[in-house]
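Colleague: A structural model of the following input is requested.
(chains A and B)
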Amino acid sequence: MKRIAVIGTIYKYLSHVQHMADRFLVGYPHQGAWHRPDMKIVSLYIDQKPAGDQSQERAKEFGFSVYPTIAEALRCGGDKLAVDAVLIIAEHGDYPRNEKGQVLYPRYEFFKQCADVFAKDGRSVPVYNDKHLSWSFEKAKWMVDEARRQKFPLLAGSSLPVTWRLPDLELPLGCNIEEALMVGNGGSDPMDYHALEAMQCMIERRKGGETGVRAVQMIVGDAVWKAGEEGRWSKDLLVSALSRSDTPMGLTVEDGRTQDLVGTGQLPKLVKDPAAYFIEHNDGLKTTLLMLNGAIRDFNFAARLKGSGIQSCQFFLSPVPNVTYSACLVSKIEEMFASGKAPYPAERTLIVSGMLESCLTSKVQGSKRLETPQLNVKYQAPKTSQHART
Amino acid sequence: MRVESKISRRDLLAGVAAVPLLSNAQTRPARPKIAAITTTYFKYSHAQHIVDRFLEGYGWNGTHHYPAMDLVSLFVDQVNDRDWSRDRARRFPTMKVYPTIAEALTLGGSKLAVDGIVVVGEHGKYPRTEKGQTKYPRYEFFQEIFKVFRASGRSVPVFNDKHLSWNWPWAKEIYDTAREMGFAFMAGSSLPVTWRTPSLEMPAGARVSEAMCVCYGGVDSYDFHGLETLQCMVERRKGGETGVRWLQAYRGDNFWKAYKEGVWPKDLVEAALCRSHTLTPARDGFNNILPTMEDMQRLVKNPVAYRYEHVDGLKSTMLLMSGLVKDFNFSARLDKGLFSTQMYLPMPDGRTTLANFFSPLVNGMEQMFLTGKPTYPVERTLLTTGLTSSGVDSLFDGQERLETPHLAIKYQPTRESTFWRT
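Modeller: Numbering: from 1, shown residues only, chains lettered A, B, ... in the order given. Presented below is the predicted three-dimensional model:
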């Protein structure tokens, strides 16, 4: 039975550690059955223990130990690496923000300590890193490179790429994408990251795969609407993405009506602080993320494909507390822990980490367009679909 | 679609030879005129969800779709201080509110003047029967509609929201009259047509021995949705629907006793629960955990089961487990193993702001109004209407097993899937 170390920031109800690590302890719904992983959490490191901390009670009930350092957790108190897999979940908890608004979660620091133990002990094991790799692309790149140097499988990212889609849309591998647009909501930098990664898991399937990002720009406020008028983002794609939303605000909340938020001109009235993230890929593809707080509360994607027109879907974030979408993600993590192969490339999360950081840099630099030669990240999409569809 | 109904065989045989009593053989107009006959029109009432989609359009196939027809007349039985129908009439001058059903159908004239009718007899204050059924006036609405059809010498397609009536003989009479008059007729719930997570269809011609729906809500209410969830799947089995032989309802202690004794298969309940997105955590501090039997007994205060056997031997079970789930989950035992999915309702109870499961329902109506042919068989809803009524009867009659010879309703499903997948 595979032995897992969990390295997390906080372990309290509805934190990422709780809802992901718990699935290894009590099982989770998967493909119509209650799946109990044939693996065992043997050690835990928790960086902060706020009120409501569950680390000790979980350790007691499920028979594992909480260690004061990451190295000890990985070595289970001994002198050699004593686990077969590491789950790094550095989301939630009290961490400072930088001037770009990024929360400085210690993902790189956690990962580096794991990598140091691997290097010292002469053995490495699969690592999952929850969400983006780091707030810093440079650090994120080091993480992916280090995994390659030490030859251990690395999986990272959001649950959005693996959750159910409404409808169950998968773009054909090798398709010709003319433009793509994502609509999201929520704060930066957690939710814009999710939205960018959702878009990335769709567009990486285009002809030639991902070629890297050559420039980004982030604009906010009325400039976002003006950019739409000027055709910098496609209104048709926005209409299509919003047609997938189950959460239009404004008049729908008032009297229940359906709305064409674009056609009726309601959108600018509802969104006080719009933001547009423009991404220019090396192969010429231009994609846009619109964060439309106040207009909708879900995540919707649209793309124009050569030959087949506009395709769109919602990435279904199932309700709290079950957040069953995280079961979809845990099943992918488990798959990597069991097989030693990441089901999809960490480069997806690497490039998204980088485009997000650069967009936020653009924002604090007065929405300047930034060349991003460092984001020359090339990779191919997995051949088989990875989202929940069975 | 082949329709065979044992109970109405005599009527059908008569009908096959005879010319329909009323002419419905007209060319379909380019933009059909639609009348909506409703009980009440408040925010998130069924009438608001349905009629608004005709007026305001709705998200469909990746765009904001406006139906190629005009909803020109509206009848609302109960108008209260939460009413939005007057606001809609003001904002959409092409739609007029009429004080009677006859006027809504004749647009104030003397003859039927619309090309399609939507009946939404759900919500509103109506008395209850001694068995707890709400006496929504669907039958009464239909009597008014039939009067206009007869007086006009013609009939038009009709969609009826939810079951045909709380009262089986009335439901049967509505169905028989519709057949006699020969108009295209559709009815039912959103459950058969909404999204599924995952997006799976029961394979056509599947061999199914047991089917299960684990859902929530009350009797003569969401039980109907649970039954429609089951029926839209099992009707695709080998041979199609054969009708139902008997039904037995269970509630309270009887329910738990039956559950523990294995009256319905426990593995199918678990398979259905594993499709839920709203499983109440059975333990504090856990967000998603499989409940034990004891947990379920603690969480579910008023469980209800309807278990029934189809004429071909298939057994189906519908469990109302309020307190445990807030969604509709289906599972079945096929000869190739277990099959399960969830019929996903984006419910505006805080999770969403729009009940978009009404979109595929309205789209199904639109197709009928444009083609003059029902998008899926009304016999499905005739059967689930009868099952709902028998479920209520069994609960009222000491939870006895009731023979249901009147539900020997045979029909075939549509060849193509009609649930939301685009």
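Colleague: from here on, contacts and neighbour counts on C-alpha atoms
Modeller: OK.
Colleague: C-terminal to the longest helix belonging to chain A, what's the next element?
Modeller: Ranked by residue count and defined by DSSP state H, the top helix of chain A is helix A:346-364. Note on helix A:346-364: by DSSP states H and E, the next helix or strand toward the C-terminus is strand A:370-371.
Colleague: Which elements pack onto that following strand?
Modeller: Judged by 3 or more CA pairs under 8 Å, 6 or more residues apart in numbering or on different chains; DSSP states H and E, strand A:370-371 is in contact with strand A:213-220.
Colleague: Return the list of strands paired to the strand it packs on, each annotated with direction.
Modeller: strand A:275-281 (antiparallel), strand A:370-371 (antiparallel) (DSSP bridges).
Colleague: Quick one: residues in contact with the shortest one.
Modeller: Right, the one you point to is strand A:370-371. Under the contact criterion CA atoms under 8 Å, 6 or more residues apart in numbering or on different chains, strand A:370-371 has outside partners A:214-217, A:358, A:362.
Colleague: So for residue 382, what's the pLDDT?
Modeller: Picked chain A for this. We have a pLDDT of 97 for A:Pro382.
Colleague: oops, chain B please
Modeller: pLDDT, B:Leu382: 98.
Colleague: what helix or strand does it sit in?
Modeller: Applying DSSP H and E, one finds B:Leu382 within helix B:379-396.
Colleague: packing partners for the following helix or strand past that helix?
Modeller: Following helix B:379-396 in sequence order, the next helix or strand is strand B:401-403 (DSSP H and E). Under the contact criterion of 3+ CA pairs under 8 Å, 6+ apart, strand B:401-403 touches strand B:244-251, helix B:379-396.
Colleague: Correct me if wrong: B:Val325 contacts B:Tyr216.
Modeller: Yes. Between B:Val325 and B:Tyr216 a contact is recorded at 6.3 Å, counting by CA atoms under 8 Å.
Colleague: More neighbours: those two, which one.
Modeller: Neighbour count, other CA atoms under 10 Å in any protein chain shown: between B:Val325 and B:Tyr216, B:Tyr216 has more, with 26 against 22.
Colleague: For that one, list the residues it contacts.
Modeller: B:222-223, B:319-328.
Colleague: can you give me the strands for the stretch 101-250 of chain A?
Modeller: A:127-130, A:154-157, A:165-166, A:177-184, A:213-220 (DSSP state E, counting those that start in this stretch).
Colleague: helix or strand for residue 71, which one?
Modeller: You didn't say which chain, so I picked chain A. helix A:70-75.
Colleague: try chain B instead
Modeller: Here B:Leu71 is assigned to strand B:70-78, by DSSP H and E.
Colleague: ok, now B:Arg196?
Modeller: strand B:195-197.
Colleague: do that strand and chain A meet at all?
Modeller: Yes. Residues of strand B:195-197 contacting chain A under CA under 8 Å from any CA of the partner chain: B:195, B:197.
Colleague: Tell me the strands beside that strand, with direction?
Modeller: By DSSP bridges, strand B:195-197 pairs with strand B:337-344 (antiparallel).
Colleague: Can you give the distance of the strand it pairs with from its chain's centre?
Modeller: 19 Å (CA atoms, centre = their mean, to the nearest Å).
Colleague: what does stretch B:45-60 give?
Modeller: On CA atoms, centre = their mean, the centre of stretch B:45-60 falls 17 Å from that of its chain.
Colleague: what about stretch A:309-326, how long is it end to end?
Modeller: 32 Å (CA to CA, to the nearest Å).
Colleague: interface residues of the stretch 1-150 of chain A facing chain B?
Modeller: Checking the stretch 1-150 of chain A against chain B by CA under 8 Å from any CA, the hits are A:12-14, A:18-19, A:22, A:26-34.
Colleague: so which of those is the most crowded?
Modeller: A:Tyr28 (27 neighbours).
Colleague: contacting residues around it?
Modeller: A:34-36, A:327, B:288-290.
Colleague: one more time with 6 Å
Modeller: A:34-35 (CA atoms under 6 Å, 6 or more residues apart in numbering or on different chains).
Colleague: Which pair of the contacts of strand A:370-371 spans the longest distance?
Modeller: A:Arg214 and A:Ser362 (13.6 Å; CA to CA).
Colleague: Quick one: name the residues of the stretch 151-300 of chain B near chain A.
Modeller: B:198, B:271, B:274-275, B:277, B:285, B:287-288 (CA under 6 Å from any CA of the partner chain).
Colleague: what's the most distant pair in these?
Modeller: B:Pro198 and B:Gly285 (27.6 Å).
Colleague: Looking at the two, which is more packed in?
Modeller: More crowded of B:Pro198 and B:Gly285, by other CA under 10 Å: B:Pro198, with 23 against 15.
Colleague: Which residue, other than its chain neighbours, is closest to the more buried one?
Modeller: In space, and not counting its chain neighbours, B:Pro198 is closest to A:Arg389: 4.9 Å by CA to CA, 6 or more residues apart in numbering or on different chains.
Colleague: And for B:Arg236?
Modeller: B:Ala204 (5.1 Å).
Colleague: Count the neighbours of residue 188 for me.
Modeller: In the absence of a named chain, this looks at chain A. Neighbours of A:Ser188 using other CA under 10 Å come to 16.
Colleague: um, chain B though
Modeller: Counted with other CA under 10 Å, the neighbours of B:Gly188 add up to 26.
Colleague: before we move on, what about A:Phe137?
Modeller: As a measure of burial, A:Phe137 has 22 neighbours, counting by other CA under 10 Å.
Colleague: residue contacts, the residue of chain B positioned farthest from its centre?
Modeller: Centroid-distance maximum for chain B: B:Gly285 at 37.4 Å, with CA atoms, centre = their mean. If you count contacts by CA under 6 Å, 6+ apart, B:Gly285 has them with A:Tyr13.
Colleague: ok, back up a step: please dump the residues of the stretch 151-300 of chain B next to chain A into a markdown table; it should also carry pLDDT for every row.
Modeller: Output for those, formatted as a markdown table (pLDDT from 0 to 100):
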| residue | pLDDT |
| --- | --- |
| B:Pro198 | 98 |
| B:Ala271 | 98 |
| B:Cys274 | 98 |
| B:Arg275 | 98 |
| B:His277 | 98 |
| B:Gly285 | 98 |
| B:Asn287 | 98 |
| B:Asn288 | 98 |
